[in-house]
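[1] Just a sequence and a predicted model for now, questions to come.
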Amino acid sequence: MLSDRRQRVLAALIEEYVARALPVGSRTLTERYQLGVSPATVRNELSVLEDGGYITQPHTSAGRIPTDTGYRAFVDNLLTTDFTGDDERYRPVVDELRRSASELDALLEQTSSALTRITDCLSIVLAPSVLNLHIKQLSLISLSPYRALVVLVTEDGQVFNRQMEFAEEVAPDDLARVQVFLGDVFTGKSLQQIEDGLGQGMAEAFRDPLVRMALDEVLSCLQESELSRAHRLGVSSLLTKPEFSQSQALLPVMQVLENDTVMLHILDEAVQQVDGTPSVRIGRENDAEELAGVSVVASRYGRGDSAGVVAVIGPTRMDYSKVLRAVRIASAALQDV
């Protein structure tokens with residue numbers, strides 16, 4: 001546990017390094033920050049912080065820079081800060097987001113854009129999982145004897161559709177029969193509930209090839225929608241950072257983040273946070289080695305099982321205070337969707 005004075009020195013060093021991306025010396029801290037101690041004391045505290053692994057000296061003649069451990073100590077202190085005063089301050093931002101987007105996807109896109117604008121980092125907004133959305137209506141519409149359209153409407157008004165093709169002719173009456181059966185099975189239930197209950201007393205009905213085919217199409221329709229509902233913005237912002245000034249340095253990061261399965265795993269911690277506290281993974285705390293140079297700040301939004309995620313990804317040298325506030329604002333804007 002760091003003393004108050006060492007926390008102040010560490011916070012000042014991190015603030016300076018975030019602003020300038022240059023190693024920080026004791027003279028800089030003494031001249032630019034009101035630490036209330038002598039230069040000799042600052043030098044001594046820097047040595048102690050370095051011995052503790054909170055900062056490091058990249059070159060013998062240079063100043064110090066924070067380590068992942070130093071950022072973690074700084075962020076943990078921030079997470080205990082009361083941000084409730086920000087709620088009214090940023091209320092106009094939240095209200096404007098809600099007013100300017102009448103549909104969910106538009107709101108998510110604009111929220112992602114606002115996050116990128118505020119933080120100057122990459123933002124990701126995941127829609128609430130379709131696995132937990134309850135189905136209001138299922139329709140099977142005959143387009144021809146060999147083709148039909150599956151249309152799903154969820155209770156929150158989202159619409160998903162997918163075409164299905166038949167090897168043999170299917171009469172409209174047969175399609176209507178399957179629609180009635182699947183409608184009884186699906187209506188009012190979530191996809192997760194449906195998948196969990198498929199083996200409970202329905203084996204006989206699912207021996208019908210047309211029922212099985214329609215069911216497969218419905219499940220595929222929802223699962224494809226699940227992976228396509230991530231709104232990412234701000235890659236160009238990352239390219240402006242000194243850490244990623246060479247695009248080759250950013251390429252491994254983007255390759256990981258474009259893998260939906262990996263990304264969902266990265267953000268899973270935020271989904272588990274039910275108290276509204278953002279999750280913060282710094283550098284090598286991320287499971288993927290390619291993300292060792294970035295931090296991920298994420299928070300869930302929504303209610304109950306139907307939760308989405310807002311996240312900001314940037315270099316470990318990000319402005320954590322600003323990013324934490326921005327993620328909280330975005331989460332508040334989406335809380336009631």
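    Noted; the coordinates are in hand. Residues are numbered from 1 along each chain as shown.
[2] so where is this structure shaky, pLDDT-wise?
    Counting by pLDDT under 70, the chain contains low-confidence ranges at 82-104, 129-132, 156, 191-206, 222-229, 260-261, 270-275, 303-306, 336-337.
[3] if we go to 50?
    Low-confidence segments of the chain (pLDDT under 50): none present.
[4] Which residue comes closest to the residue nearest in space to the middle of it once chain neighbours are left out?
    For the chain, residue 311 is the residue whose C-alpha lies nearest the centre (CA atoms, centre = their mean; 3.5 Å). Excluding its sequence neighbours, the residue lying closest to residue 311 (CB to CB, 6 or more residues apart in numbering) is residue 298, at 3.7 Å. For the C-beta atoms, the positions are set from N, CA and C on the backbone; glycine is no exception.
[5] Pretty sure that neighbour sits against residue 269.
    Yes: using CB atoms under 8 Å as the test, residue 298 is close enough to residue 269 to be in contact (7.2 Å).
[6] which residues do the two both contact?
    When contacts are counted by CB atoms under 8 Å, 6 or more residues apart in numbering, the set common to residue 298 and residue 269 consists of residue 279.
[7] Comparing those two, which shows the higher neighbour count?
    Neighbours per residue (other CB atoms under 10 Å) separate residue 298 from residue 269, with residue 298 holding more: 24 against 16.
[8] Check the secondary structure at the more buried one for me.
    strand (DSSP: H, G, I helix; E, B strand; the rest coil).
[9] picking up where we left off before, tell me which helix or strand the residue nearest to the centre of the chain sits in.
    Per DSSP states H and E: residue 311 is located in strand 306-315.
[10] Just checking: what are the partner strands of that strand?
    Next to strand 306-315 in the sheet, as set by DSSP bridges, lie strand 122-126 (antiparallel), strand 294-303 (antiparallel).
[11] winner for burial among those?
    Mean neighbour count (mean count of other CB atoms under 10 Å) peaks for strand 122-126 among the strands paired with strand 306-315, with a mean of 26.
[12] Kindly export that strand (C-alpha atoms) in CSV.
    Taking only C-alpha atoms (Å, rounded to 0.1, in the frame of the first residue of the first chain), the coordinates of strand 122-126 have been written out as CSV:
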residue,chain,number,x,y,z
LEU,A,122,-10.9,3.1,-30.0
SER,A,123,-14.4,2.6,-28.8
ILE,A,124,-16.5,-0.6,-28.9
VAL,A,125,-20.2,-0.8,-28.1
LEU,A,126,-21.8,-4.2,-28.0
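[13] how far is it from where the chain is centred?
    Centroid displacement of strand 122-126 relative to its chain, using CA atoms, centre = their mean, to the nearest Å, is 5 Å.
[14] outside of that strand, which residues touch it?
    Contacting residues not belonging to strand 122-126 are listed as 108-109, 111-113, 115-116, 229-235, 237-238, 257, 263-264, 267, 308-314, 330, 334 [CB under 8 Å, 6+ apart].
[15] Tell me which helix or strand comes right after it.
    Next helix or strand after strand 122-126 toward the C-terminus (DSSP H and E): strand 135-144.
[16] All the helices of the stretch 101-250 of the chain, in order from the start?
    104-119, 172-186, 191-197, 209-227, 235-239, 247-257 (DSSP state H, counting those that start in this stretch).
[17] returning to that earlier point: what angle separates the strand holding residue 311 from helix 104-119?
    Counting by axes from the mean of the first three to the mean of the last three CA atoms, to 10 degrees, strand 306-315 lies at 30 degrees to helix 104-119.
[18] Run the chain-centre distance for strand 306-315.
    From the chain centre to the centre of strand 306-315 is a distance of 2 Å (CA atoms, centre = their mean).
[19] now stretch 33-43
    Once both centres are worked out by CA atoms, centre = their mean, stretch 33-43 turns out to sit 39 Å from its chain's centre.
[20] List the buried residues for that stretch?
    33, 35, 42 (16 or more other CB atoms under 10 Å).
[21] Repeat that for stretch 145-165.
    Within stretch 145-165, the residues scored as buried using 16+ other CB under 10 Å are 148, 150-152, 154, 158, 160, 162, 164.
[22] Could you export those as a markdown table, including distance to residue 175?
    Formatted as a markdown table, these follow (distance: CB to CB, whole Å):
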| residue | distance to residue 175 |
| --- | --- |
| 148 | 6 |
| 150 | 10 |
| 151 | 12 |
| 152 | 15 |
| 154 | 22 |
| 158 | 23 |
| 160 | 18 |
| 162 | 15 |
| 164 | 10 |
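[23] What is the nearest of the residues you listed to residue 322?
    Sorting the buried residues of stretch 145-165 by distance to residue 322 puts residue 158 at the head of the list, at 32.3 Å, by CB to CB.
[24] pretty sure that closest one is touching residue 135, no?
    No: between residue 158 and residue 135 no contact is recorded; they are 10.1 Å apart, counting by CB under 8 Å.
[25] Count the residues that sit near residue 27.
    Residue 27 - counted by other CB under 10 Å - has 12 other residues nearby.
[26] Quickly find the element holding it.
    Here residue 27 sits within helix 26-32, counting by DSSP H and E.
[27] so how far is that helix off the chain centroid?
    Mean C-alpha position of helix 26-32 versus that of the full chain (CA atoms, centre = their mean) differs by 37 Å.
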